[in-house]
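K.L.:
Quick one: sequence plus predicted model below, questions after.
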Amino acid sequence: MPNHRLPPIRAVVAALGGAAISLWSAGASAAAPACPASVDMVEAAAAVPPGFRAFLNGNPPTRTFSRPAAHRLDTIMFSDGPPTEMAWLAPSGGGANAQRWDFTPGPGAAIWLSCGYLATSVIVSMPLPAATRTCRVAYDAATSPPTAVGLACR
């Protein structure tokens, strides 16, 4: 099935806090990639206009202004090439409880896994193993937004 491209929007998949997300790749002997459950991020004002003071969560700035804070996994996306190319892939199929992506990368091309996190626009990404042909993201459609309960690729 051909890859379908979407504009850079978030896939409707979120992760349970502390949920085990696994990625399987057929015949791969190396550790399979997976989205980290959380990523530490630092938020700081680059410049504060005259007359204003910066606050972080209601507190005056510290010497470093900001401390790393864990942001939980929120979104799982796939792209045809690195995220800088903005070639986000649409699911090939699925229903209320899961979505499936089928991949047919061209010669020298790679499908990338991107992981988005709550309350930040930062994503972490990596290419999937070349042998990966399909990924399935299961989620709990009763939550809003839907909460991921697993990721499996082969």
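P.N.:
Cool, the structure landed. All of these numbers come straight from a predicted model, not from anything done at the bench. Residues are numbered from 1 along each chain as shown.

K.L.:
Find the nearest non-adjacent residue to residue 85, please.
P.N.:
residue 79 (6.8 Å; C-beta to C-beta, 6 or more residues apart in numbering). In this view, the C-beta of every residue, glycine as well, is placed from N, C-alpha and C.

K.L.:
hang on, residue 115 packs against residue 35?
P.N.:
Yes. Here residue 115 reaches residue 35: they are 3.5 Å apart, a contact under C-beta atoms under 8 Å.

K.L.:
The residue nearest to residue 85 in helix, strand or coil?
P.N.:
strand (DSSP: H, G, I helix; E, B strand; the rest coil).

K.L.:
Count the residues that sit near it.
P.N.:
Using other C-beta atoms under 10 Å, residue 79 has 23 other residues around it.

K.L.:
Kindly report the same for residue 51.
P.N.:
Residue 51, neighbours per other C-beta under 10 Å, totals 5.

K.L.:
where does this protein dip in pLDDT?
P.N.:
1-32, 56-57, 60-66, 147 (pLDDT under 70).

K.L.:
looking at it, which residue lies furthest from center?
P.N.:
residue 51 (38.1 Å; C-alpha atoms, centre = their mean).
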